[in-house]
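Undergrad: make a model of this:
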Amino acid sequence: MASPDPWYWFVRNFVRVFGFQWTGGLRVEGLEHIPRTGPVIVAPNHLSHLDPPIVACSVPRKVAFMAKEELFRNPLFGRLISSLNAFPVRRGEGDTEAIRKTLERLEAGELVLVFPEGTRGDGRTLGPFNRGVGMLAKRSGAVVVPAGIAGTERKLPRGGGRPRFARTTIVFGPPLEYRTFEEADRKRARDLFADALRASVEAAARRAGLALTSDPTGTHPATSSGATSPNEPPDSAPA
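TA: The predicted structure follows:
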C-alpha cells in the first residue's frame with residue numbers, strides 16, 4: 001500500500017513515465033514477491049546510477065536508500081534526495097551510523113534498498129557480496145527480496161554521459177528469511193544465507209535478460225556508486 005507522501009509519488013511516477021517507459025520501456029516482473037507491509041530489504045545486482053530509480057519506480061511501496069555522503073554536500077541536491085527518502089553513508093569504512101539508520105528504517109517497517117555488491121559491476125560478472133545484507137536481515141527480522149536488473153548498464157553506462165534510449169527490466173525473486181537459515185544450521189547460517197542470496201540474484205538477473213558469471217573473489221572491474229550497501233560492522237558489533 002502506497003504511503004501518503006504526494007511529493008515522493010509525484011517524482012516517482014514522473015521518472016517512471018519519462019525516465020523509463022517513454023525512453024525504451026520498463027518491464028517489471030515478480031511484484032507478488034514484495035510484501036506490502038513490514039520490513040523488507042530489496043537486494044539487486046548493481047550496474048548503473050539508474051538502479052535506485054528503477055527499483056523505486058517499480059515497487060508499490062516507498063523506498064528508502066543509502067547514498068554516498070558526498071551527494072549531500074550540495075545543499076539543493078542534498079535536500080532533493082533527502083525528500084525522496086535517501087540517507088547518507090560513508091564508503092570505505094565501517095559506517096555504524098548508516099547501519100543504525102538502516103536498522104531504524106527497517107524496525108519502523110520500511111522497505112530499504114541495499115546493493116549486496118556495494119559498487120557497480122561491469123555488466124558481465126556478479127561481484128563479491130559483503131555481509132551487510134545478512135547482518136541487517138538478522139538484526140531487523142526483515143525479509144530479503146533478491147532482484148535482477150538489466151538494461152540500466154546500456155541506458156546509463158559508466159562514463160556514458162546522458163541517459164540513452166534503452167529498454168530496462170527488473171525481476172524480483174522469492175523472498176528469503178535469515179531465520180530459516182539459522183534454524184537449519186546456526187553455525188553456518190551466514191554463509192548459507194549469502195550463498196542463497198547470491199544464487200537468487202543471479203537467477204533473477206538471468207530472467208531479466210542479463211547472464212552474469214559469478215566472481216566472489218572481487219576481481220571484476222567495478223567503480224564506486226551513488227548508492228551502496230553498508231560495510232561490515234566493526235568486529236565488536238553482533239553479526
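Undergrad: contacting residues around residue 44?
TA: Residues near residue 44 by CB atoms under 8 Å, 6 or more residues apart in numbering: 51, 55, 113, 115, 146-149, 170, 201, 204. Where C-beta positions appear, they are placed from N, C-alpha and C, glycine not excepted.
Undergrad: give me the beta-bridge partners of the closest residue to residue 55 other than its chain neighbours?
TA: Once flanking residues are discounted, residue 55 sits nearest to residue 113: 5.3 Å by CB to CB, 6 or more residues apart in numbering. As for beta bridges, residue 113 partners with residue 42, residue 65 under DSSP bridges.
Undergrad: contacts only, for residue 113.
TA: Shown in contact with residue 113 (CB under 8 Å, 6+ apart): 41-42, 44, 52, 55-56, 63-66, 227.
Undergrad: low-confidence ranges in this structure?
TA: 1-3, 91-95, 215-239 (pLDDT under 70).
Undergrad: 50 instead, please
TA: Within the chain, the segments meeting pLDDT under 50 span 219-239.
Undergrad: then the lengthiest helix in it to CSV, C-alphas only?
TA: What stands out as the longest helix in the chain, according to DSSP state H, is helix 189-208. The C-alpha coordinates for helix 189-208 follow below in CSV (Å, rounded to 0.1, in the frame of the first residue of the first chain):
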residue,chain,number,x,y,z
ALA,A,189,23.7,-19.5,8.7
ARG,A,190,25.7,-16.5,7.5
ASP,A,191,27.4,-18.4,4.7
LEU,A,192,24.2,-20.4,3.7
PHE,A,193,22.2,-17.1,3.5
ALA,A,194,24.9,-15.4,1.4
ASP,A,195,25.1,-18.3,-1.0
ALA,A,196,21.3,-18.5,-1.3
LEU,A,197,21.1,-14.7,-1.9
ARG,A,198,23.8,-14.8,-4.5
ALA,A,199,22.2,-17.6,-6.4
SER,A,200,18.8,-15.9,-6.2
VAL,A,201,20.2,-12.6,-7.6
GLU,A,202,21.9,-14.4,-10.4
ALA,A,203,18.7,-16.2,-11.3
ALA,A,204,16.7,-13.0,-11.2
ALA,A,205,19.2,-11.2,-13.4
ARG,A,206,19.1,-14.1,-15.8
ARG,A,207,15.3,-13.9,-16.0
ALA,A,208,15.7,-10.1,-16.6
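Undergrad: following that helix, which helix or strand comes up?
TA: Per DSSP states H and E, the first helix or strand lying C-terminal to helix 189-208 is strand 213-214.
Undergrad: show me the contact partners of that following strand.
TA: By CB under 8 Å, 6+ apart, strand 213-214 touches 124-126, 198, 202.
Undergrad: just the buried ones out of those, please.
TA: Buried positions within the contacts of strand 213-214, assessed by neighbour count (16 or more other CB atoms under 10 Å), are 125-126, 198, 202.
Undergrad: show me which pair in these is furthest apart.
TA: 125 and 198 (12.1 Å; CB to CB).
Undergrad: just to revisit the earlier point, farthest-separated two in the contacts of strand 213-214?
TA: By the measure CB to CB, 124 and 198 form the most distant pair in the contacts of strand 213-214, at 15.8 Å.
Undergrad: what's the angle from the top strand by length along the chain to helix 189-208?
TA: As assigned by DSSP state E, the longest strand anywhere in the chain is strand 143-150. Per axes from the mean of the first three to the mean of the last three CA atoms, to 10 degrees, the angle that strand 143-150 makes with helix 189-208 is 40 degrees.
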